[in-house]
Every structure is written in structure tokens, then in C-alpha cells.
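# I'd like to go over a predicted model; first the sequence, then the structure.
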Amino acid sequence: MRQGSVERVTKETSVKVSIDLDGTGQADISTGIGFFDHMLHQIARHGGFDLTVHTEGDLEIDAHHTMEDTALALGEAFARALGDKSGIRRYGDAVIPMDEVLVQAAVDLSGRPYIVHEEPLDLAPYIGPVYPTSMTRHIFESFGQMARITLHVNVLRASRPGQRPDAHHVVEGQFKAVARALRDAVAITGGGIPSTKGVL
């Protein structure tokens, strides 16, 4: 059973996360940030993970602490669920279209956290009333650091020529692409640890 759970409590947030890498895409998610909940549902559904996330944060200040601590806890739970990584594919990638947007994500469950994130600079500052688009990069950085993975996310196409990008589509495309790449990378293919080092 490849499952991981984390409870993270600070003066700013209280986070409870559990993930089953061999689930069916079921999700029970509540962070108080509607669009962020929507993105975490994408991770569950398109990653094929059963995911529970319950976060209470200091939203009276802003959304930063809530999303950051949720991403940190999710990354740690993901790492715990992977265990010693025996038999996994290790690498995964996906190119995902979402209407006019095209996003590429590639992941290596290497044990070496390294995040590369490229998206347009001219996105609208907020999606919905609470989600700052500047947080997307930080969410992936926080998740990737705790999950100890190498993750590249690149928005290959953000809009029709001459038009401003739709921030909703650009960000959602990224989460879907990451989910599909993770789904490939965690797949069991057999053959022990996929590294010449013998450990990941």
C-alpha cells in the first residue's frame, strides 16, 4: 500500500494531508481557496491518486501561508507514499492541451529536488478572489522540495496570437500536466530501484 499522511501545524496554518498513489482519483479537499481546491482536484483525478487535504490557514492575511504549507505537506506525504521507490518507472512526462494553452511537464523521482518553472509574465494577478497567480511557481517549488523530485514545467503556448493569456487555463493546464507526469513516474514496472546507484 503506497500511502502517506502528514499533519503540519504552525501558528499560521493547520494542514492534514493523505495520499494513496494507487487510488482511483478520489478527492476530499478543503483549503478555503476555491481555485486551489480545484487545482488539487486535478492532481488527484489526473494523477490517479486518492487525495485528502484539509487546511485551515490565516486567510485574513492572505493566501500565501495556506497554499505554501499545503504544498509542503503534500510533498512530504508523496515522498512517504513512494517509500524506497522500488519498481517505479521513475521518469514521467506529459504534454497537455487546454483549449489555446499547451503545457509540458517532466518529472524525475530522483531524490534530488530541483524545480524549473516557466510561464508567461503577463498573467492576470488573481484567479477568483483569493488565488494569486504568482503562487503557482511557489506551490510547485514547495511540493518538489519536500517530495525530493526534479520537476520541469513549461507553458509552451499561452494564448492565441495577439491575445492576453487566460490565467485560469494557463494554471490549470500546468496542474494537469504535472499530475499526468507524476502518474507515469510512480507507475510500477518492476526491476528494483531504477538507478545505477541502487538508491533514489
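Structure received. Here the structure is a predicted model, which is why all the values come from computation and not from measurement.
# roughly how far does residue 111 sit from residue 91?
Per CB to CB, to the nearest Å, residue 111 is found 13 Å from residue 91. The C-beta positions use only the backbone N, C-alpha and C, and glycine is treated the same way.
# hmm, what's the outermost residue in this protein?
Most distant residue from the mean C-alpha position of the chain: residue 162, 29.9 Å away (CA atoms, centre = their mean).
# let's verify it: helix, strand, or coil?
Of the three states, residue 162 takes coil under DSSP: H, G, I helix; E, B strand; the rest coil.
# got phi/psi on it?
When read as degrees, to the nearest 10, the backbone of residue 162 gives phi 80, psi 0.
# what do you get for residue 31?
Here is the backbone geometry of residue 31 (degrees, to the nearest 10): phi -120, psi -10.
# what of residue 116?
phi -120, psi 130.
# what's the burial count for it?
Around residue 116 sit 13 other residues, with neighbours defined as other CB atoms under 10 Å.
# what of the one 5 residues further on?
Counted with other CB under 10 Å, the burial measure for residue 121 works out to 6 neighbours.
# thinking residue 70 is in contact with residue 51, fair?
No - at 11.2 Å, residue 70 and residue 51 do not qualify as touching, with contact defined as CB atoms under 8 Å.
# which one's more surrounded, the two?
Neighbours were tallied for residue 70 and for residue 51 using other CB under 10 Å; the higher tally belongs to residue 70 (28 against 24).
# pLDDT value on that one, please?
At residue 70, the pLDDT value in this model is 98.
# same deal with residue 160?
On the pLDDT scale, residue 160 gets 92.
# near the residue lying closest to it once chain neighbours are set aside, how many other residues are there?
Leaving aside its chain neighbours, residue 160 sits nearest to residue 100 (5.2 Å; criterion: CB to CB, 6 or more residues apart in numbering). Residue 100 sits with 16 neighbouring residues when counted by other CB under 10 Å.
# renumber starting at 34 from here on
Right, with 34 as the first residue, what we last looked at is residue 133.
# got a list of what residue 133 touches?
When contacts are counted by CB atoms under 8 Å, 6 or more residues apart in numbering, residue 133 touches 190, 191, 192, 193, 199, 202.
# relative to residue 95, how far out is residue 47?
Using CB to CB, residue 47 is found at 17 Å from residue 95.
# just the C-alphas of stretch 188-204, formatted as CSV.
Taking Å, rounded to 0.1, in the frame of the first residue of the first chain, the C-alpha atoms of stretch 188-204 are listed here in CSV:
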residue,chain,number,x,y,z
VAL,A,188,4.0,26.7,-20.8
LEU,A,189,4.7,26.1,-24.5
ARG,A,190,1.7,28.2,-25.7
ALA,A,191,-0.3,30.5,-23.5
SER,A,192,-2.7,32.3,-25.9
ARG,A,193,-3.9,32.9,-29.4
PRO,A,194,-1.7,35.4,-31.2
GLY,A,195,-2.2,38.9,-30.1
GLN,A,196,-4.4,38.0,-27.1
ARG,A,197,-3.7,38.1,-23.4
PRO,A,198,-3.4,34.7,-21.8
ASP,A,199,-6.3,33.3,-19.9
ALA,A,200,-4.7,32.8,-16.4
HIS,A,201,-7.3,30.1,-15.5
HIS,A,202,-6.4,27.9,-18.5
VAL,A,203,-2.6,28.5,-18.1
VAL,A,204,-2.5,27.5,-14.5
